[in-house]
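Student: Just the structure for this:
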Amino acid sequence: MLTEEIRINLAGRELAAKQWGDADKPAIIALHGWLDNAATYDRLAPGLKDYRIIALDFAGHGFSSHRPEGVRYHFIDNVDDVIGLADALDLERFTLMGHSMGTGVSTMLAGSFPDRVEKLILIEGIGSNTSEAEEAPRVLRSAVSDMKRAAAKSKPIYETRDEAVEARMKGIGGISRAAAESLCSRGLMSVSGGFTWRSDPRLVMSSAIRLTEGMVSAYLKELNMPAMLVTGKQSFLTGNAVISQRIQLVPQLEWAEYDGNHHLHLEPETFKPVVEMIERFLAQ
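Tutor: Sure, this is the predicted structure:
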């Protein structure tokens, strides 16, 4: 399947994306999870042969530029970047697909711009992390402390690429070597002494402000387009009561569970049923 790299300039920053498929096919904008990158769709995208998949590297991830020095990474700013990508590619309407953190960005964008999103595909997530309104002062205090430490924070250096791959395997949820290799293909860079991550260290700082559950619910209730959700039976999200409550809020949501972990769409042993469900959903 034809692949190519895309670069766009948005407000003086470069956003990178990886594209599969011809430009004349129906477009799917695909959004990755926290500290991942566009390569999270390396197995899933080639299976959707009748579509053009445009997987974005969020700011600070993969090959996209970092945000300016001294600027926080606000989760909600990713919505501007996705709309900017769509506008730059002349995509007035498109299908939106997200994994993990990407599902949070997807639901916020689709809830705010339902006229632009034809269908919504969610993998291992629905909405974003939240906190109670009463927690806002503590959340901000923690974020300010993190910002002070950010300048002194250094990225780890691994002597060999294999060491970095093994470290990625131990990330949130745990993934196989094959899945880690995919993510590292776009997430590592060579430095003096070995290899380190391309991602901006500021991405691990605490959020300065979080949405409340009521605010997330408001976005979900506006999702009037056909939507689907896939979760992994061996994922850390399994049995999550909040996820179950959110599912009930989306008017046209099709939900299925398959064997697999948090990256079931990327794992060699579990991605095929996910591709098959997406194909059926898109054909409806």
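Student: how many neighbours does the closest residue to T212 other than its chain neighbours have?
Tutor: Distances taken as C-beta to C-beta, 6 or more residues apart in numbering place A133 nearest to T212, at 5.3 Å, with adjacent residues excluded. Every C-beta, even on glycine, is put in place using the N, C-alpha and C of the backbone. Residues lying near A133 (other C-beta atoms under 10 Å) number 12.
Student: residues contacting S154?
Tutor: P201 (C-beta atoms under 8 Å, 6 or more residues apart in numbering).
Student: What does the pLDDT read for it?
Tutor: At S154, the pLDDT value in this model is 81.
Student: Tell me which helix or strand it sits in.
Tutor: Of the helices and strands defined by DSSP states H and E, none includes S154.
Student: how near is it to G193?
Tutor: 12 Å (C-beta to C-beta, to the nearest Å).
Student: Report the beta-bridge partners for M189.
Tutor: T196 (DSSP bridges).
Student: Hmm, R198 and it touching each other?
Tutor: Yes: contact status for M189 versus R198: in contact at 5.0 Å, counting by C-beta atoms under 8 Å.
Student: ok, these two, which is more surrounded?
Tutor: Comparing M189 with R198 by other C-beta under 10 Å, the one with more neighbours is R198, at 18 against 12.
Student: mind listing the helices in the stretch 51-200 of the chain by residue range?
Tutor: All helices of the stretch 51-200 of the chain, identified by DSSP state H, counting those that start in this stretch, fall at 77-88, 101-112, 136-150, 161-169, 177-187.
Student: need the contact list for S235.
Tutor: Contacts of S235 (C-beta under 8 Å, 6+ apart): E124, G173, G260, N261, H262, L264.
Student: cool, A59 as well?
Tutor: So A59 contacts R13, L15, S65, H66, R67, Y73, D77, N78, D81, D200 (C-beta under 8 Å, 6+ apart).
Student: Run a quick neighbour tally on the fourth one.
Tutor: Put plainly, it is H66. 17.
Student: How about the last one?
Tutor: If you count neighbours by other C-beta under 10 Å, D200 ends up with 19.
Student: Does it touch G60 like I think?
Tutor: Yes: checked against C-beta under 8 Å, the pair D200 and G60 is within contact range at 3.6 Å.
Student: any residues in contact with both of these two?
Tutor: H66, R67, Y73.
Student: Give the full set of residues in contact with the last one.
Tutor: Going by C-beta under 8 Å, 6+ apart, Y73 touches A59, G60, R67, D200, R202, L203, M205.
Student: Relative to G239, which of the residues you listed is nearest.
Tutor: L203 (27.8 Å; C-beta to C-beta).
Student: Could you report the pLDDT at the spatially closest residue to the closest one that is not a sequence neighbour?
Tutor: Ranked by C-beta to C-beta, 6+ apart and with sequence neighbours excluded, the top spatial neighbour of L203 is G60, at 5.2 Å. What the model reports as pLDDT for G60 is 97.
Student: to the chain's geometric centre, what's the distance from the helix or strand bottoming out on mean pLDDT in the chain?
Tutor: When each helix and strand of the chain is scored by mean pLDDT, DSSP states H and E, helix 136-150 comes last, with a mean of 89. Relative to its chain's centre, helix 136-150 lies at 24 Å (C-alpha atoms, centre = their mean, to the nearest Å).
Student: Stretch 96-103 now?
Tutor: Counting by C-alpha atoms, centre = their mean, stretch 96-103 comes out at 5 Å from the chain centroid.
Student: which outside residues touch it?
Tutor: 28-34, 36, 40, 53, 75, 82, 104-107, 109-110, 117, 119-128, 262-263, 265, 278.
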